[in-house]
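Student: Only the shape, not the letters, is given here:
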Ligand SMILES: O=P(O)(O)OC[C@H]1O[C@H](O[C@H]2O[C@H](CO)[C@@H](O)[C@H](O)[C@H]2O)[C@H](O)[C@@H](O)[C@@H]1O
């Protein structure tokens, strides 16, 4: 099979229906059957498979996708060629900003829209709170970023939704005042709330501080399978220099950022070979990373809905959810907000790319400067703060008029 053929569908396409217009609970995750499997079979995505081979569509285009998936690949190619190419990309970026205006420059507008509403903030980790680096184990966030995230969490309910395992992202962030969702939302530790029966697989647990929490793990039955696949992937890729396989609990990342381009197709073949043995797993694609995950209709968008529901923030008139993220997996969350016509996504990107976000920030350093993250009780009058988290004297700011001081 020609790995360089020009197919446009790089990874398996989810054919499950997308969220309806209400930012409610998707029909695909409505009440689980009271008996039978741990989760409803309608949580499974339907993936069309060709007769000729289980993942042939994917395999045929994987190499192309791996090449084009990282903006830095395109940038480097251009940077090393001519100055004209560079200014072309600058021009393209400026043009792109017309469609996705800078969230910094648009802050007043955003704050006006937020007036009288309670903000709920959702943050991706890699590429959003921490810069992309070669070694995934060293993707640290800056102290400035940590202080900003800690600050904003005092005012608004704030959650981190990452492809990493929940434990790992907590290790990096180290803040107790947030909610954490790992494994692309398949592992959520949220507040204790009286849950609707929509969510089976939701159990009471305690966090690292011993506080009672709700733990939602819709893919829990996949755990042994994911561990097995992780081990197989480590084994099969061990001779590919630079390849790194990361166990993210309910999904596995196969990194090729440090693999020579000539070995990318071999790596892609290896991953596909393993996946052929696991029809209940699928492949998605991040920034120079292939991600193996269960065929479940669950993603970061669903995680946002789940957290809003569990935070008791589903009242559409009063809540303004904001999601900040940088890669394709974050698009699921942008899309949920866009389709529900409430709140918005902010895409973090220094290159132009299509997105369902409304605004943009260039990189994590701009994220750390975002006025929302640096919110103070007097900086954005009119935006209600989370009364549960506020110090007492802040309560009367709820009725202030909008105005940036
Ligand atoms: O949802 P996220 O928090 O953005 O996690 C997505 C993946 O991020 C990490 O990989 C990415 O960042 C690495 C460190 O900067 C970089 O080396 C890698 O090339 C990127 O793909 C993480 O290691 C993955 O497990 C996450 O799935």
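Tutor: Received the coordinates, thanks. Everything numeric here is computed off the predicted structure, so don't read it as measured data.
Student: Which residue is it, in the chain, that comes closest to the ligand?
Tutor: For the chain, the residue closest to the ligand is residue 163, as judged by C-beta to the nearest ligand atom, at 2.8 Å. Yep, even glycine has a C-beta here, placed from its N, CA and C like the rest.
Student: roughly how far apart are that residue and residue 267?
Tutor: Distance of residue 163 to residue 267, computed by C-beta to C-beta, to the nearest Å: 18 Å.
Student: For the nearest residue to the residue of the chain closest to the ligand once chain neighbours are set aside, grab the count of nearby residues.
Tutor: Distances taken as C-beta to C-beta, 6 or more residues apart in numbering place residue 184 nearest to residue 163, at 5.0 Å, with adjacent residues excluded. Residues lying near residue 184 (other C-beta atoms under 10 Å) number 28.
Student: Tell me, what's the model's pLDDT at residue 184?
Tutor: pLDDT recorded at residue 184 is 97.
Student: Return the residues in contact with it.
Tutor: Each residue near residue 184 by C-beta atoms under 8 Å, 6 or more residues apart in numbering is listed here: 161, 162, 163, 250, 251, 291, 293, 298, 299, 300, 303, 329.
Student: just the residues of the protein that are near the ligand, which are they?
Tutor: Neighbours of the ligand within the chain, by C-beta under 6 Å from any ligand atom: 124-127, 132-134, 136, 139, 162-164, 246, 248, 253, 255, 257, 286-289, 291, 327, 329.
Student: re earlier: okay, residue 163 and residue 267: which has more neighbours?
Tutor: residue 163 (28 against 23).
Student: Which strand or helix spans the more buried one?
Tutor: Here residue 163 sits in a region with no helix or strand, counting by DSSP states H and E.
Student: Could you list which of the contacts of residue 184 belong to helices?
Tutor: 300, 303, 329 (DSSP state H).
Student: The first one - nearest residue in space that isn't next to it in sequence?
Tutor: Spatial nearest neighbour of residue 300, excluding adjacent residues (C-beta to C-beta, 6+ apart): residue 333 at 4.3 Å.
Student: Please tell me how far the residue nearest to residue 163 sits from residue 351.
Tutor: According to C-beta to C-beta, residue 184 stands 23 Å off from residue 351.
Student: do the same with residue 249
Tutor: Per C-beta to C-beta, residue 249 is found 30 Å from residue 351.
Student: So these two - more neighbours on which side?
Tutor: Neighbour count, other C-beta under 10 Å: between residue 249 and residue 351, residue 249 has more, with 22 against 15.
Student: quick one, what contacts the more buried one?
Tutor: Shown in contact with residue 249 (C-beta under 8 Å, 6+ apart): 165, 166, 167, 182, 183, 186, 187, 223, 226.
Student: Now render those as TSV, adding secondary structure and neighbour count.
Tutor: Output for these, formatted as TSV (DSSP: H, G, I helix; E, B strand; the rest coil; neighbours: other C-beta atoms under 10 Å):
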residue	secondary structure	neighbour count
165	coil	20
166	helix	23
167	helix	13
182	strand	27
183	helix	30
186	coil	29
187	strand	26
223	helix	13
226	helix	23
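Student: nearest to residue 62, of these?
Tutor: Taking C-beta to C-beta as the measure, residue 62 lies nearest residue 226 of the contacts of residue 249, at 20.4 Å.
Student: hang on, that closest one packs against residue 245?
Tutor: No: Residue 226 is beyond contact range of residue 245, at 11.6 Å (criterion: C-beta atoms under 8 Å).
Student: what's the overlap in contacts for these two?
Tutor: Residues touching both residue 226 and residue 245 (C-beta under 8 Å, 6+ apart) are residue 252.
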